[in-house]
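Undergrad: Sequence first, predicted model second:
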Amino acid sequence: MECQRNISEFFLLGLSPKQNIRVFCFMFFSFCYLAILCGNLLILISIGGSSLLNQPMYYFLSHLSFMDICYTTFVTPKLLGDLLVQRKSISYESCMLQVFAMHFFGLIEVLILTAMAFDRYVAICKPLHYMVIMSRTRCHVLIWASWVGGAAHSFSQVFMLICLPFCGPNEIDHYYCDVFPLLKLACTDTYITGVLMVANSGIIALVTFVLLFGSYVVILFTLRNHSAEGRRKALSTCGSHITVVILFFGPSIFAYLRPPTTFPEDKIFALFYTIIAPMFNPVIYTLRNTEMKNAMKKVWCQ
């Protein structure tokens, strides 16, 4: 396939053409972005300044918070700026960078959530072997594997896009650059490319979700043999994880596990995994976690 293009920039149609809706969205998403930054920085500093960093679950949580900041920073500031202007342009290079970053940090976050589910499975189902299985070396390996997996996934997505010819329409019906809206603008048959992208993104999301769901089913089944206090503590932690998984994976599966086409609802569902889920992660992991609240009090009181 010939890699050529006659356009140097794209124009984003954004969330809405109505001025009053854009003003409301600017105020709301500004609050969301500020909450994401403050909440996740609070978690990073609290874990880094306490002994919780030595525990695998909080080691993974600190990396998850860092990914949340990186992931949403590549889309939210651009969205906020575009809400204040009529003409929302983005260069071809910046568009490809945005696609790469969203899939890179997005898959890393997915794999970290998987590592956190594995950590909870070992802690509840194999408590006597927990320290051996979840050693610091293994935790490092899981994080590095997440980065390698994210890079492999995002490079393949971007490579398929840059080898498409863009020679005509350049209006993207979205508030950021994503694969399906870009496929719609290509001046060639993109059926095979679309199928490959569905396999690359949608199947990964579905398989990961099934594995996570299965692990939590096993955990809940195992909890029958625990004491009432042990069940309460484990259910509180697992409940937080399950809430995050549903907020992130539900919209993601809808967005990517389907024929490569676009719908008006895509922008609404994308808001959940680009802004809403990262905003709720700090709340979910702190308000329902006694150890996290104690560590925050200790660090910030000092």
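TA: Here it is on my side, so go on. Note that the structure is predicted; figures quoted are calculated from it, not measured. Residues are numbered from 1 along each chain as shown.
Undergrad: So which bits of whatever helix or strand His140 lives in are buried?
TA: Applying DSSP states H and E as the criterion places His140 in helix 136-162. Residues 138-139, 142-143, 146-147, 149-150, 153-154, 157-158, 160-161 are the ones in helix 136-162 that count as buried (16 or more other CB atoms under 10 Å). C-beta: built from backbone N, CA, C; applies to glycine.
Undergrad: Ok, stretch 75-82 next?
TA: Neighbour counts over stretch 75-82 (16+ other CB under 10 Å) mark 75-76, 78-80, 82 as buried.
Undergrad: Likewise for stretch 11-30?
TA: 12, 14-15, 22, 25-26, 29.
Undergrad: now, which of these lie within helices?
TA: Using DSSP state H, the members of those that fall in helices are 22, 25-26, 29.
Undergrad: Make a markdown table out of those residues and add distance to Ser46 and pLDDT.
TA: As requested, these are exported to a markdown table (distance: CB to CB, whole Å; pLDDT from 0 to 100):
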| residue | distance to Ser46 | pLDDT |
| --- | --- | --- |
| Arg22 | 36 | 87 |
| Cys25 | 31 | 89 |
| Phe26 | 30 | 92 |
| Phe29 | 25 | 92 |
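Undergrad: helices or strands next to the helix holding His140 in the packing?
TA: helix 56-73, helix 92-125, helix 179-185, helix 191-222 (3 or more CB pairs under 8 Å, 6 or more residues apart in numbering; DSSP states H and E).
Undergrad: ok, of the ones in helices among the buried residues of stretch 11-30, which one's closest to Glu93?
TA: Distance to Glu93 across these (CB to CB) is lowest for Phe29, with 24.7 Å.
Undergrad: list the contacts for that closest one?
TA: 76, 79-80, 83, 275 (CB atoms under 8 Å, 6 or more residues apart in numbering).
Undergrad: separation between it and Ala270?
TA: Separation of Phe29 from Ala270 (CB to CB, to the nearest Å): 12 Å.
Undergrad: Just give me the neighbour total for Met67.
TA: Neighbourhood size, Met67 [other CB atoms under 10 Å]: 26.
Undergrad: Do you know the pLDDT at it?
TA: Met67 is assigned 92 on the pLDDT scale.
Undergrad: got the contact list for it?
TA: Per CB under 8 Å, 6+ apart, neighbours of Met67: 105, 108-109, 112.
Undergrad: Check the gap between it and Ala101 for me.
TA: Distance from Met67 to Ala101, by CB to CB: 11 Å.
Undergrad: Nearest the middle, which residue of this structure would you pick?
TA: Gly106 (4.0 Å; CA atoms, centre = their mean).
Undergrad: pLDDT value on it, please?
TA: Value for Gly106, per-residue pLDDT: 88.
Undergrad: going forward, begin numbering at 30 instead of 1
TA: From this message on, residue numbering opens at 30, which makes the last subject Gly135.
Undergrad: of all the contacts of Met96, which comes closest to Ile275?
TA: Using CB to CB, the contacts of Met96 come closest to Ile275 at Glu138, 14.4 Å.
Undergrad: can I assume that closest one is in contact with Val274?
TA: No - assessed by CB atoms under 8 Å, Glu138 is found out of contact with Val274, at 10.9 Å.
Undergrad: In terms of neighbours, single out the busier of these two.
TA: Neighbour count, other CB under 10 Å: between Glu138 and Val274, Glu138 has more, with 25 against 21.
Undergrad: How about the contacts made by that one?
TA: 93, 96-97, 100, 277.
Undergrad: ok, Ile313 touching Thr272?
TA: Yes - Ile313 lies in contact with Thr272 (CB under 8 Å); the separation is 5.3 Å.
Undergrad: Does Val36 lie in a helix or a strand, and which?
TA: That one is not Val; residue 36 is Ile. Short version: Ile36 belongs to no helix or strand, going by DSSP H and E.
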